[in-house]
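**Q** Okay, here's the prediction I keep looking at, along with the sequence it came from:
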Amino acid sequence: MRTHQCGELRAEHIGQTVSLCGWVATRREHGEKLAFVDIRDHTGVTQAVVDNSVDVRAEYVVRVTGTVAARPGENLNDRLPTGAIELQDVVVEVLNAAEPPPFPINERADQVAEGTRLQYRYLDIRRERMQKNLRIRAAVNSAIRRSMEDQGFLEIETPMLVPSTPEGAREFIVPSRQQPGSFYALPQSPQLFKQLLMVAGIDRYYQIARCLRDEDLRADRQYEFMQLDAELSFGSQDDVFEAIGSAVVAAAEAAGQHAGEIVKITWHDAMNRFGIDKPDLRFGMELVDLTDVFATTGFKAFAGAAAIKGINATAKAEEYGRNKLDAMTDKAKKMGAKGLVWLKVAADGTLESPVAKFLSEGEQAAVKAALEAQPGDLLLIVADSWMTACEVLGTLRNDLGRPPVHEGPYRFVWVVDFPLFIGVDDVSGRPKPGHHPFTQPHPDDLHLLEIEPLKVRSQAYDLVFNGWELGSGSIRIHQPELQARIFGLLGISPEDADRRFGFFLNPFRYGAPPHGGFGLGIDRLVAILAGEENIREVIAFPKTQSGMDPMTNAPTPVDPKQLDDLGIRVLPPKA
RNA sequence: GGUCCCGUGGUGAAGUGGAGUUCACGCCGGCCUGUCAAGCCGGAGGUCGCGGGUUCGAACCCCGUCGGGACCGCCA
């Protein structure tokens, strides 16, 4: 039907007779005999000069056949790649008429309520922004596949109907018709299957896998999302970093971006310097340890604190008035801090603060030196347990300085040496696993398992991109004896372990190789590479925050007959 | 489960106790031979999300509810 696409024609095509197919983007009328019609497809627009008697309107689907001609005189359009030419002597065939769209099919629809865009997603996707995003996404998927295959990974599909495993995220469950009362679950990830593929001798597995979690939605979370899921045998953490890192770099390049260097930081350093396990390395404002500065302080709020840490919000003193500082203090308290001390550096270098009078001259000078304070700076200090001080200041640091997630230059970072356990369960008194209970402890810390479990590092790691967690992974436990030790620490009896994880762990008795892997969130990666702050912008048909689809109206009630087949009865809504 | 913000012709906004009022875009009709977000003239288009309350009077204040968004919890 067509000889070229709408963004393709240039001066070199002048004189050729061509046919274009697409949608009418705009129509500009100039009297009885002249109108300009812009024809759009996903490659761009081309102007056709038509007789004004031709009745085509916005979003009509047309085929135009005409002669490529240079635009006369002063009428070149520099803002348009096809702006040197136009189609003349045009025959317009209307392939389909169209009603006026509910919003303009151009960048002005960026201002339209997102719910309306989702209700008419097929029109929203017609726009350049969504075309670009979905094509970046396809390029990223393609580059990842190529990279993984080049590195010897084999793509294997794992099932979508899997057994329910109540640990971890809430699952979507699917009723079984043949066995009423029994249910499948949709996979939160292919975790179990990929580890069994290692037992099965696949050696290097990958999949661009759909994962589903019935947890509340966010800007960076949907019910269903895509992961680069990978697992390898006989390898170390560094082998995983190399494999995933190569794929990510290839993905960034495919999106026309540069990944930059992927650095590595330990979990402890990340917490200590940035107050968070997903540090955004694009800006400074690092946490500074002030414990020594106040070692002998007379200020009651600081005296005897396990850790005293501060940040310097450079030049923020004026911007943060009493109301904002009070709100910040409230937030710190909600996060568990006993309080928040703020100090403003005045023009003459003195510290303005309700608590300044409690700090000695020496302490004030030492604080200014430690935080490299300059006039106009806002200093924030928390004295508490090490963890609380870090977390509170890390949150304030992000609130004060974090740029939009998609802004460059990009900073990827591997966060390594996560603790094996995060704290102790209030009820049982047992340590709580930080990642999952199949995570291999750090070999240097094995002797601490029963003595000081909270000090044991794990071989678990995250990949962080501009402060977003892109994914996580670990080297897994492949030795049944070590697994039993971990279950013992967690208070899981051998009988419990067999009942809950037996189908997964029994195969490990038949020769499980050392193995580890990773799961990487593709939606988040693509969103950042596409310059979006929200993964819905890189998903063709996403759901709203309440899990609904305004286009299809899913979820909907189903026919009672269907429920009857499944042996399911729906309870009346709770009063 | 919680906190905060939003809901006004098709779209986006203004209106915050005094008449469904206003602006831009779009739409329909007319004019117009070089526009490119064309221009000019005219016109149509509304359950101010929904329900209740306060008031002489409510788009506006209060309560509830539905929908959308950001975040906390949650996401081993």
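**A** That came through fine.
**Q** Tally up the residues packed near the closest residue to RNA strand B within chain A, please.
**A** When scored by C-beta to the nearest atom of the strand, chain A has A:Gly31 as its residue closest to RNA strand B, at 1.6 Å. The way it works is simple: take the backbone N, C-alpha and C, and place the C-beta from them, glycine included. Neighbourhood size, A:Gly31 [other C-beta atoms under 10 Å]: 7.
**Q** how about low-confidence regions in chain A?
**A** A:573-575 (pLDDT under 70).
**Q** just the helices in chain A please.
**A** Taking DSSP state H as the test, the helices found in chain A are A:114-119, A:121-124, A:128-150, A:191-199, A:237-254, A:267-274, A:322-334, A:361-370, A:386-401, A:480-490, A:494-505, A:522-529, A:560-566.
**Q** which strands and helices sit next to the longest one?
**A** Spelled out, it's helix A:128-150. strand A:154-155, strand A:204-212, strand A:224-233, helix A:237-254, helix A:522-529 (3 or more C-beta pairs under 8 Å, 6 or more residues apart in numbering; DSSP states H and E).
**Q** Taking strand A:224-233 as reference, get the angle to it.
**A** Helix A:128-150 and strand A:224-233 are oriented at 20 degrees to each other (axes from the mean of the first three to the mean of the last three C-alpha atoms, to 10 degrees).
**Q** If you count neighbours, what's buried in helix A:128-150?
**A** A:129-130, A:133-134, A:136-137, A:139-141, A:143-145, A:147-148 (16 or more other C-beta atoms under 10 Å).
**Q** The last one now?
**A** Within helix A:560-566, the residues that count as buried by 16+ other C-beta under 10 Å are A:Leu566.
**Q** what sits up against that helix?
**A** A:175-177, A:180, A:569-570 (C-beta atoms under 8 Å, 6 or more residues apart in numbering).
**Q** Would you agree A:Glu8 is in contact with A:Thr43?
**A** Yes. Counting by C-beta atoms under 8 Å, A:Glu8 touches A:Thr43, with 6.1 Å between them.
**Q** For the nearest residue to A:Phe487 once chain neighbours are set aside, give me its contacts.
**A** Nearest non-adjacent residue to A:Phe487, counting by C-beta to C-beta, 6 or more residues apart in numbering: A:Ala497, 4.9 Å away. Counting by C-beta under 8 Å, 6+ apart, A:Ala497 makes contact with A:483-484, A:487, A:505.
**Q** quick one on the thing from earlier: cross the contacts of helix A:560-566 against strands and list the overlap.
**A** The strands, defined by DSSP state E, take in A:Pro175 from the contacts of helix A:560-566.
**Q** which one among the contacts of helix A:560-566 gets closest to A:Ala530?
**A** A:Pro175 (37.5 Å; C-beta to C-beta).
**Q** which residues touch that closest one?
**A** A:182-184, A:566-568.
**Q** how about 6 Å then?
**A** A:183, A:566, A:568 (C-beta atoms under 6 Å, 6 or more residues apart in numbering).
**Q** just A:Gln88 next, same as before
**A** A:49, A:66-67, A:69.
**Q** Any of these buried? List them.
**A** Here, 16+ other C-beta under 10 Å leaves A:49, A:66-67, A:69 buried among the contacts of A:Gln88.
**Q** Which segments of chain A make up each domain?
**A** A:11-96, A:130-266+A:411-539, A:284-401 (automatic domain parsing).
**Q** Reformat those into JSON lines and put distance to A:Arg2 next to each item.
**A** As requested, those are exported to JSON lines (distance: least, C-beta to C-beta, whole Å):
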{"stretch": "domain A:11-96", "distance to A:Arg2": "4"}
{"stretch": "domain A:130-266+A:411-539", "distance to A:Arg2": "17"}
{"stretch": "domain A:284-401", "distance to A:Arg2": "50"}
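**Q** okay if I get the contacts of A:Pro175 as TSV plus distance to A:Glu171?
**A** Output for the contacts of A:Pro175, formatted as TSV (distance: C-beta to C-beta, whole Å):
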residue	distance to A:Glu171
A:Phe183	9
A:Leu566	17
A:Ile568	17
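**Q** if I pick A:Leu529, what's in contact with it?
**A** A:Leu529 touches A:255, A:257, counting by C-beta under 6 Å, 6+ apart.
**Q** same thing but 8 Å
**A** Taking C-beta under 8 Å, 6+ apart, one finds A:136, A:140, A:251-252, A:255, A:257 in contact with A:Leu529.
**Q** do A:Thr65 as well
**A** Going by C-beta under 8 Å, 6+ apart, the list of residues near A:Thr65 reads A:17-19, A:90-91, A:93.
**Q** could you redo the last one with a cut-off of 10 Å?
**A** Going by C-beta atoms under 10 Å, 6 or more residues apart in numbering, A:Thr65 touches A:1-3, A:17-21, A:48, A:87, A:89-93.
**Q** Repeat that for A:Lys278.
**A** Counting by C-beta under 10 Å, 6+ apart, A:Lys278 has contacts A:270, A:394, A:398, A:413, A:415, A:462-470.
**Q** Could you dump the buried residues of helix A:128-150 into TSV with distance to A:Ile39 added?
**A** Below are the buried residues of helix A:128-150 laid out as TSV (distance: C-beta to C-beta, whole Å):
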residue	distance to A:Ile39
A:Arg129	19
A:Met130	19
A:Asn133	22
A:Leu134	21
A:Ile136	24
A:Arg137	26
A:Ala139	25
A:Val140	29
A:Asn141	30
A:Ala143	31
A:Ile144	34
A:Arg145	34
A:Ser147	37
A:Met148	40
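**Q** if we can go back for a sec, ok, and the closest non-adjacent residue to the residue of chain A closest to RNA strand B?
**A** A:Asn52 (6.5 Å).
**Q** now, which of the contacts of A:Pro175 sits nearest A:Glu319?
**A** A:Phe183 (53.6 Å).
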